[in-house]
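Chemist: turn this into a model:
(chains A and B)
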Protein chains: 2
Amino acid sequence: MAAATPTVDRLATAGGDALADIESLYSQVAAPLTPIQFTGTAGAKYNMGGGQPDPATLPREELADLAGELLASEDGAAALSYGEAGGFAGLRQLLSEKLRRWDGVEASPDEILITNGSNHGLAVVAQLFINPGDVAIVEAPTFMGGLRPLRQLKAQIEMVPLDENGLNVVALEGTLRRLRDAGTPAKLLYTIPNFHNPAGVNLSLDRRKRVAQLADDFNFVILEDDAYGELRFTGEQIPSIYSLARKGRVIRSATLSKILAAGLRVGYTIAPKEVVGRLSSLKLDGGASPFTGRLAAAYLKRRYEEHVTLLRDVYRRKRDALVKGIEAGFAATPHLKPAYMLPTGGFFLWLKLPAGTDGTRVAAEAAGRGVAYVPGQAFFADGSGAEYIRLAWSMLSEEDLEAAGRLVAEAIRAAAAK
Amino acid sequence: MAAATPTVDRLATAGGDALADIESLYSQVAAPLTPIQFTGTAGAKYNMGGGQPDPATLPREELADLAGELLASEDGAAALSYGEAGGFAGLRQLLSEKLRRWDGVEASPDEILITNGSNHGLAVVAQLFINPGDVAIVEAPTFMGGLRPLRQLKAQIEMVPLDENGLNVVALEGTLRRLRDAGTPAKLLYTIPNFHNPAGVNLSLDRRKRVAQLADDFNFVILEDDAYGELRFTGEQIPSIYSLARKGRVIRSATLSKILAAGLRVGYTIAPKEVVGRLSSLKLDGGASPFTGRLAAAYLKRRYEEHVTLLRDVYRRKRDALVKGIEAGFAATPHLKPAYMLPTGGFFLWLKLPAGTDGTRVAAEAAGRGVAYVPGQAFFADGSGAEYIRLAWSMLSEEDLEAAGRLVAEAIRAAAAK
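Modeler: Okay, here's the model as predicted:
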């Protein structure tokens, strides 16, 4: 085909571009935005930055086979066409069954919304509730993917601390009471009960029940983010807040990114049908991909449970390798060892630097050794947290993780010596 | 693996669900929403409802081959991992080259944002500019995918009519002047210059230049939606407003849905780098799929131009078959024939029913004959337009389209007789 390049005759009436002119037109939400800054950890030799699953465990061959089968099947045309606003019904059916068997969560297919990754779901749930100035409560620390939409919507963000049993519910109640007394009651609580990102802790059963009760007492919605719950190395599964609370109190966010493949962008949000309908209307993206939705469904059918079992083993070994490196690195200088709790699942080790250590200096020393991670400030709504660092053990090999743990120890020692 | 189903002990403190309680918590944007109603045309024998590409032309085998090659290649792990916020860089590079060669549009890869379909892009652009009450101008008629986000954001929506040369720029100027005088200047104009959805018309070159000039004179942003521009059956390509206006004045929306596969959800938005950065920050979905982005890139490299040539021929024949059926159907009753213009590309025939014909009755008569389409009211911001109907020739076979054209004629005659 001849490529017809039209002759272009740009308006000559004005010099320069119109970018300065349109600045005054940005919406209140958009005006303060700057392009997302990602922690530039991709180039590091020992990259413990993002919650990126282990590339070696990605089921590439199976997905290639399944894609071939799907596109050759009678469902192949539907996979490449516009689909349902809520996402592929067959996937929602399989997720409904998985939720019942694995998670003790009762959700019919029309109580599940497929999104373009779970971040997308978190953003749309925030839109569902937050007007500028509305109060949202987050954990301190919390996941930046949950913080970002709240900030964008100009929520008043309140922080409640965590301890080794998760969200401190006494502090939560105090905050709820204070907010109510001030005439600014909280609308939404964002919480990560399983293998917390970044803190690695689990919310205890008693506290889950208490949070559900408080939601009734103070009339707020709980956004329960469970990206890592299936990656449990040890211990018993704790029922979700979704299954403990009254229906309608909790919107649950989950994803196939950590188990199957983040690149397929398949997240799912669980809520009563009416709420799912509203979320679906809000999101306006023409529906999640019918192609990746069908691929995910085919994988769920064929091999999901076996793969989860494999991944639990893989990530447990990785955690152990990282911890071994860190412990070895501090064997001679135990007074400089950061405080940490051994997570029983997930992707993250959350270190508290010894008092007086300069986090910025540690990061610089680590970078000089080829080690990258995310500094603690990214996880606190108020930008505090410089004394913490989050190490993701998900991507590196066990050998590299052990080496990286020793190098982190070196970096902390070097920073302390300056 | 043993599926551990936790024992669940729902809060017994309150009967019933909490749905009524959380109603008071919805945001101003979300409170008025109802679940999206899709025109339930999928079950019809002659479905001329949505702008769904012809299933028979979907490159299923090629995509299966490309998926297999991709996942086996050294890029396979990246395809299944988290990717760039702006979308796969290789796809943006190829689109940049395509835009230059095909569309006369100069856009570097960092001036292109990959979205989860172009509807997603339209929604995010609206968020970039619209506060509640801000004025947006749309064409009458226009595409509902452009209207929805403006409505959701509570824009004041103003309509400007079209004629056979597209948007009436004299009426546009009058509207802009009136709005400015009223102290509510327009911020954004949403326009579809090529093979308009639903009206099928093209915006003339002179008018494109005039629109670009008016944007400078009145300081507004043009959202130029070009989903169908490549599907040109006859005539010369007209330069885009993007290429005619000063840089920064126009944000251009495009998609691979109509050429490659809607199910991959690959749309792209073209704007200056700074604007792309803001859009990327607003959209908060973790970036478009690195997997479908790479598939689309592989297809663009291998076979895109050849496929466009094929599709131009396919859709021209379909248009002709539908028009043949309609003309034959009215041969004996020319006074009842709807007014229409023969589109020179795209997917849609836009009929104006003869005066006095009840559009609702026509739709019922058509449904009784197995014929489905979208009634005109869907395309007017104020819900007017009952005298119009939009027929999509994209999905059906030529044979079915000719039959469907005759049945539409029958339906109109039957409605007129009642």
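Chemist: which residues of the stretch 101-250 of chain A score low on pLDDT?
Modeler: Across the stretch 101-250 of chain A, not a single residue meets the criterion (pLDDT under 70).
Chemist: longest helix of chain A?
Modeler: Criterion DSSP state H: the longest helix present in chain A is helix A:290-329.
Chemist: need the contact partners of the very next helix or strand once past it.
Modeler: Per DSSP states H and E, the first helix or strand lying C-terminal to helix A:290-329 is strand A:348-352. Strand A:348-352 is contacted from outside by A:51, A:141, A:195-200, A:319, A:322-323, A:326, A:338-341, A:343, A:387-393, A:408, using Cβ atoms under 8 Å, 6 or more residues apart in numbering or on different chains. C-beta here means a position set from N, CA and C on the backbone, and glycine is covered the same way.
Chemist: got it, and stretch A:203-214?
Modeler: Stretch A:203-214 has contacts (Cβ under 8 Å, 6+ apart) with A:165-167, A:169, A:172-173, A:176, A:189, A:191, A:193-194, A:196, A:220, A:222, A:238-241, A:244-246, A:249-250, B:9, B:11, B:13.
Chemist: run the chain-centre distance for it.
Modeler: 21 Å (Cα atoms, centre = their mean, to the nearest Å).
Chemist: with just CA atoms, put it into CSV.
Modeler: Presented in CSV, the C-alpha positions along stretch A:203-214 are these (Å, rounded to 0.1, in the frame of the first residue of the first chain):
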residue,chain,number,x,y,z
LEU,A,203,-3.6,-9.3,60.7
SER,A,204,-4.8,-11.7,63.5
LEU,A,205,-8.2,-13.3,63.4
ASP,A,206,-9.4,-11.3,66.5
ARG,A,207,-8.3,-8.1,64.9
ARG,A,208,-10.1,-8.9,61.6
LYS,A,209,-13.3,-9.4,63.5
ARG,A,210,-12.7,-6.2,65.4
VAL,A,211,-12.1,-4.2,62.2
ALA,A,212,-15.3,-5.7,60.7
GLN,A,213,-17.2,-4.6,63.9
LEU,A,214,-15.7,-1.1,63.8
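Chemist: would you mark the buried spots in it?
Modeler: Using 16 or more other Cβ atoms under 10 Å in any protein chain shown as the test for burial, stretch A:203-214 gives A:203-205, A:207-214.
Chemist: just the ones of these in helices?
Modeler: Counting by DSSP H, the part of those found in helices is A:205, A:207-214.
Chemist: strands of chain A, residue ranges please.
Modeler: Along chain A, counting by DSSP state E, strands occupy A:46-47, A:112-115, A:135-140, A:156-163, A:166-167, A:186-191, A:221-225, A:250-255, A:267-270, A:348-352, A:371-372, A:374-375, A:388-392.
Chemist: and those strands as a markdown table, adding mean neighbour count and distance to A:T292?
Modeler: Output for the strands of chain A, formatted as a markdown table (neighbours: other Cβ atoms under 10 Å in any protein chain shown; distance: least, Cβ to Cβ, whole Å):
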| stretch | mean neighbour count | distance to A:T292 |
| --- | --- | --- |
| strand A:46-47 | 22 | 25 |
| strand A:112-115 | 29 | 9 |
| strand A:135-140 | 25 | 30 |
| strand A:156-163 | 17 | 32 |
| strand A:166-167 | 25 | 32 |
| strand A:186-191 | 26 | 26 |
| strand A:221-225 | 27 | 21 |
| strand A:250-255 | 26 | 13 |
| strand A:267-270 | 27 | 11 |
| strand A:348-352 | 22 | 26 |
| strand A:371-372 | 24 | 29 |
| strand A:374-375 | 20 | 27 |
| strand A:388-392 | 26 | 24 |
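Chemist: out of the ones you listed, which is closest to A:L70?
Modeler: strand A:112-115 (16.2 Å; Cβ to Cβ).
Chemist: so is the closest one next to chain B?
Modeler: Yes: using Cβ under 8 Å from any Cβ of the partner chain, strand A:112-115 comes into contact with chain B via A:T115.
Chemist: what is that strand packed up against?
Modeler: For strand A:112-115, the packing partners by 3 or more Cβ pairs under 8 Å, 6 or more residues apart in numbering or on different chains; DSSP states H and E come out as helix A:89-103, helix A:118-129, strand A:267-270, helix A:273-283.
Chemist: hmm, try it at 6 Å
Modeler: Based on contacts counted as 3 or more Cβ pairs under 6 Å, 6 or more residues apart in numbering or on different chains; DSSP states H and E, the elements that strand A:112-115 packs against are strand A:267-270, helix A:273-283.
Chemist: lowest-confidence stretch among the ones you listed?
Modeler: Mean pLDDT is lowest for helix A:273-283 out of the helices and strands packed on strand A:112-115, coming in at a mean of 93.
Chemist: now A:G235. Nearest residue, chain neighbours left out?
Modeler: Using Cβ to Cβ, 6 or more residues apart in numbering or on different chains and skipping residues adjacent in sequence, the residue nearest A:G235 is A:T344, 5.0 Å away.
Chemist: touching, that neighbour and A:Q237? I think so.
Modeler: No: the criterion here is Cβ atoms under 6 Å, and A:T344 misses it with A:Q237 at 10.8 Å.
Chemist: who are the contact partners of A:A271?
Modeler: A:I251 (Cβ atoms under 6 Å, 6 or more residues apart in numbering or on different chains).
Chemist: who in the stretch 251-400 of chain A is up against chain B?
Modeler: Counting by Cβ under 6 Å from any Cβ of the partner chain, the stretch 251-400 of chain A comes close to chain B at A:261-265, A:272, A:277-278, A:280-281, A:284-286, A:289-291, A:305, A:309.
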